[in-house]
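J.: Sequence unavailable; structure follows:
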């Protein structure tokens, strides 16, 4: 006898499968999936992996095109040209028909395989592999190596982390004392065994497996820095959208940003990276770990590692500093840009523009069913005009003529109150932490230091903003000399030198670092 009653377990399982299918359909449109499924994926992955070796994470456009151009034959392989209707060639950024290396690079940027960066320290645009490309390369490398993941060393790492977490989060004092007592007994037993001459060592194969597992984890760490940068930019974009949104908690966000709160650092990705960066730059931890790595390299079993593996082991921490610093620079720049966006009131103009665009879009959508697409629109627009002139009216510059020097512009001295200085500090995003360190360093050398002394030894990195910051610090932490002034000089960001007469302040003690 059959029943027509619905099977709830089957329905729930079917719903879960359908939801998972929808998730995979979305992932299929992601760059990683498209790259792996492309017809010429072997050639594209091989070229990108060779173009960006471990030491070159970012390349200028000219060098990137030159490296890709050396392997164009792989992309123009004849055996792939028979499928003229294949859409995967376009999705992979692989236009057919003898395209140049520059066109391939531009196609890979559009498809998300490469990320374009405008580096202020370079005159040329730079490129780097996207997180999607890094994931694809690591996935292919895992298939190529065929290293099992169910190893004894990996299981030991899992057990050790479970044990450590359980010990650190135990709230029962008696249980923690019992754990410490047990560990002390184990240590005392090991000491007795060593004193009696008994030395137990793991097998060389087991030691090598554990080393390789550690190196694989370290490689995964270095691959996450690109994703960190993308996640921070996503958080920054989401905060800007919330500021411009007419609904939601934009008032609370504006209040926090105006108060100087680092919302990027308080996000999940910000907190995770900050903890990682703090541990990476701990001098005691780094020195101790590097000593352990050096001792491991002297062991007999480490000689069975390949040359590349030994090099990665020797530089396991030094290879993390530069990409970690780049992520920190991105986080700092995003924070300052977001703070300027709010303090300069630019968000109000953006909000007005957004409201106007939404209103125009609403009117257009309301009329889409009433106005035919080919109907003439009764609107006349005046053509823009431009003044035309002859080239001969311009006076050419003689590069050999230095010209008359510009006269120095002298301004009358005016007094600045503490409130005005505080407003200037907030409006210009002045690096008070860095200036505090400069003051303490210069004062520590001579016992006391004026603002001019500090600027002579520590150039103003922010130009006039650094001078304002020093004046602000002086009003709260330095001793003023009545009726005395000094001439200070600094170089602005445009390269021009400036001078000003300011009241004499002398820092006699270190400024507390907040």
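T.: Noted; the coordinates are in hand. As the structure is a prediction and not an experimental result, all values here were calculated from the model. Residues are numbered from 1 along each chain as shown.
J.: going forward, measure contacts between C-alpha atoms and count neighbours the same way
T.: OK.
J.: quick one: contacts for residue 65?
T.: Residues counted as contacts of residue 65 (Cα atoms under 8 Å, 6 or more residues apart in numbering) are 101-102, 105.
J.: rerun at 7 Å
T.: Taking Cα atoms under 7 Å, 6 or more residues apart in numbering, we find residue 65 in contact with 101-102.
J.: May I ask which helix or strand encompasses it?
T.: helix 61-69 (DSSP states H and E).
J.: What of residue 128?
T.: Going by DSSP H and E, residue 128 is in strand 126-129.
J.: Check which helices and strands that strand sits against.
T.: With contacts taken as 3 or more Cα pairs under 7 Å, 6 or more residues apart in numbering; DSSP states H and E, strand 126-129 sits against strand 59-60, strand 114-117.
J.: quick one: buried residues of the longest one?
T.: Same thing as strand 114-117. 114-116 (16 or more other Cα atoms under 10 Å).
J.: from those residues, which single one is nearest residue 34?
T.: Closest to residue 34 out of the buried residues of strand 114-117 is residue 114 (13.4 Å), distances taken as Cα to Cα.
J.: Surely the closest one touches residue 128?
T.: Yes. The pair residue 114 / residue 128 is scored as a contact, 5.7 Å apart, by Cα atoms under 7 Å.
J.: Just checking, which helix or strand succeeds the longest strand along the chain along the chain?
T.: The residue-count maximum for a strand in the chain (DSSP state E) belongs to strand 479-491. Later in the chain than strand 479-491, the nearest helix or strand by DSSP H and E is strand 497-507.
J.: Run me through the strand neighbours of that next one, direction for each.
T.: Here strand 497-507 has these sheet partners by DSSP bridges: strand 449-450 (antiparallel), strand 479-491 (antiparallel).
J.: and among the ones you listed, the most buried is which?
T.: Neighbour counts (mean count of other Cα atoms under 10 Å) averaged over each of these peak at strand 449-450, with a mean of 22.
J.: Give the rounded mean pLDDT of that one.
T.: Across strand 449-450, the average pLDDT comes to 86.
J.: for stretch 19-31, same thing?
T.: 83.
J.: what's the distance between it and the middle of its chain?
T.: 26 Å (Cα atoms, centre = their mean, to the nearest Å).
J.: Buried ones in that stretch, by neighbour count?
T.: Neighbour-count burial for stretch 19-31 [16+ other Cα under 10 Å]: residue 31.
J.: what's that stretch in contact with?
T.: Contacts of stretch 19-31 (Cα under 7 Å, 6+ apart): 33-34, 111-113, 132.
J.: If we use 8 Å, what do you get?
T.: 33-34, 111-113, 132-133.
J.: between the residues you listed, which is nearest residue 500?
T.: Residue 500 has its nearest neighbour among the contacts of stretch 19-31 in residue 112, at 50.5 Å by Cα to Cα.
J.: What is the burial count for the closest one?
T.: 21 (other Cα atoms under 10 Å).
J.: Residue 313 too?
T.: 22.
J.: residue ranges with poor pLDDT in the stretch 251-400 of the chain?
T.: Low-confidence segments of the stretch 251-400 of the chain (pLDDT under 70): 251-252, 254-261, 384, 386.
J.: Tell me, what's the model's pLDDT at residue 214?
T.: At residue 214, pLDDT is 78.
J.: Check the gap between it and residue 286 for me.
T.: 16 Å (Cα to Cα, to the nearest Å).
J.: cool, residue 497 as well?
T.: In terms of Cα to Cα, residue 497 sits 42 Å off from residue 286.
J.: who has more neighbours, those two?
T.: Higher neighbour count among residue 497 and residue 286: residue 286, with 15 against 11, using other Cα under 10 Å.
J.: wait, which of the strands paired with strand 497-507 is closest to residue 513?
T.: Smallest distance to residue 513 across the strands paired with strand 497-507 (Cα to Cα): 17.4 Å, for strand 449-450.
J.: Next SSE downstream of the closest one?
T.: Assigned by DSSP H and E, the successor of strand 449-450 is helix 451-457.
J.: Output the contacting helices and strands for that next one.
T.: With contacts defined as 3 or more Cα pairs under 8 Å, 6 or more residues apart in numbering; DSSP states H and E, the packing partners of helix 451-457 are helix 432-446, strand 479-491, strand 497-507.
J.: Which residues does it contact?
T.: With Cα under 8 Å, 6+ apart, helix 451-457 has contacts from 438-439, 442, 470-471, 486-490, 504-506.
J.: With pLDDT and distance to residue 385 added, can I get the residues you listed in a markdown table?
T.: As requested, those are exported to a markdown table (pLDDT from 0 to 100; distance: Cα to Cα, whole Å):
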| residue | pLDDT | distance to residue 385 |
| --- | --- | --- |
| 438 | 87 | 54 |
| 439 | 87 | 56 |
| 442 | 86 | 58 |
| 470 | 86 | 49 |
| 471 | 85 | 49 |
| 486 | 86 | 53 |
| 487 | 87 | 51 |
| 488 | 87 | 49 |
| 489 | 87 | 46 |
| 490 | 85 | 44 |
| 504 | 86 | 56 |
| 505 | 86 | 57 |
| 506 | 86 | 59 |
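J.: closest to residue 389 among those residues?
T.: residue 490 (41.6 Å).
J.: Okay, the closest one and residue 498: tell me how far apart.
T.: Using Cα to Cα, residue 490 is found at 6 Å from residue 498.
J.: rewinding a little: closest to residue 476 among the buried residues of strand 114-117?
T.: residue 116 (44.8 Å).
J.: I'd like the distance between the closest one and residue 33.
T.: Residue 116 sits 20 Å away from residue 33, going by Cα to Cα.
J.: for residue 358, same thing?
T.: 35 Å.
J.: Show me which of these two is the more surrounded one.
T.: Using other Cα under 10 Å as the criterion, residue 358 and residue 33 rank with residue 33 on top: 17 against 12.
J.: OK, contacts around that one?
T.: residue 27.
J.: and it, what element?
T.: Going by DSSP H and E, residue 33 is in helix 31-37.
J.: Buried residues, the very next helix or strand once past that helix. List them.
T.: Scanning forward in sequence from helix 31-37 by DSSP H and E, the next helix or strand is helix 41-51. Within helix 41-51, the residues that count as buried by 16+ other Cα under 10 Å are 41, 43-45, 47-48, 51.
J.: angle of helix 41-51 against helix 61-69?
T.: Between the axes of helix 41-51 and helix 61-69, defined by axes from the mean of the first three to the mean of the last three Cα atoms, to 10 degrees, the angle is 130 degrees.
J.: circling back to that earlier point, tabulate the helices and strands packed on strand 126-129 (a markdown table), appending mean pLDDT and distance to residue 511.
T.: Below are the helices and strands packed on strand 126-129 laid out as a markdown table (pLDDT from 0 to 100; distance: least, Cα to Cα, whole Å):
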| stretch | mean pLDDT | distance to residue 511 |
| --- | --- | --- |
| strand 59-60 | 86 | 42 |
| strand 114-117 | 85 | 38 |
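J.: Let's have the ones you listed in TSV, adding distance to residue 66.
T.: What follows is the helices and strands packed on strand 126-129, written out as TSV (distance: least, Cα to Cα, whole Å):
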stretch	distance to residue 66
strand 59-60	10
strand 114-117	16
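J.: now do the same end-to-end measure for stretch 194-210.
T.: End-to-end distance for stretch 194-210, by Cα to Cα: 23 Å.
J.: from the middle of its chain, how far away would that stretch be?
T.: The answer for stretch 194-210 is 41 Å, by Cα atoms, centre = their mean.
J.: just stretch 467-474 next, same as before
T.: Centroid separation for stretch 467-474 versus its chain: 31 Å, with Cα atoms, centre = their mean.
J.: can you pull the buried residues of that stretch?
T.: 467-474.
J.: What is the distance between the longest helix seen in the chain and the centre of its chain?
T.: Assignment by DSSP state H gives helix 204-244 as the longest helix of the chain. Offset of helix 204-244 from its chain centre (Cα atoms, centre = their mean): 11 Å.
J.: That one packs against which elements?
T.: Looks like helix 204-244 contacts helix 131-145, helix 152-168, helix 250-258, helix 263-266, helix 268-280, helix 307-314, helix 318-343, helix 346-367 (3+ Cα pairs under 8 Å, 6+ apart).
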